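# Okay, structure incoming, though there's no sequence with it:
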């Protein structure tokens, strides 16, 4: 069996199915992360409601990487996507997925200044 995306040969226990495609772990993660979008009102509602119900504030309940990105933006007051990708050694899809979660939790948001878009703390 081969990965539908990269054609890597797979053992039975190394394959993942995503939307009807058989993928290797790396391709599965890339595809799954690409499906997470920042502008999703239902995800914002679900995340903020869940966090409130659990009593989570600020960086509580985030993964280590999400917490580090949030603190990076918070401490600097603003950061570009390129700065986040370089600082945390993330690919574009990885960075997008992490930022989408932070946006769903209303911890960071985009703010345009001139021709540049920065990520800034939500409040």
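Ah, there it is. These numbers were taken from a predicted model, which means no experiment stands behind them.

# least trustworthy helix or strand in this protein by mean pLDDT?
helix 25-34 (a mean of 70; mean pLDDT, DSSP states H and E).

# Now the element after that helix, going C-ward?
On the C-terminal side of helix 25-34, the closest following helix or strand by DSSP states H and E is helix 41-54.

# Verify the stated contact: residue 78 with residue 117.
No: at 9.8 Å, residue 78 and residue 117 do not qualify as touching, with contact defined as CB atoms under 8 Å. From N, CA and C alone the C-beta is placed, and that goes for glycine too.

# any residues in contact with both of the two?
residue 111 (CB atoms under 8 Å, 6 or more residues apart in numbering).

# okay, now residue 19: neighbour count?
Residues contacting residue 19 under the criterion other CB atoms under 10 Å number 8.

# right, I mislabeled it, should have said residue 111
12.

# Could you do the one 3 residues further on as well?
Each residue near residue 114 was counted by other CB under 10 Å, and the total is 5.

# And it, how close does it get to residue 7?
44 Å (CB to CB, to the nearest Å).

# do residue 79 as well
According to CB to CB, residue 79 stands 37 Å off from residue 7.

# can you pull the contacts of residue 74?
Taking CB under 8 Å, 6+ apart, we find residue 74 in contact with residue 121.

# what kind of secondary structure is it in?
Of the three states, residue 74 takes helix under DSSP: H, G, I helix; E, B strand; the rest coil.
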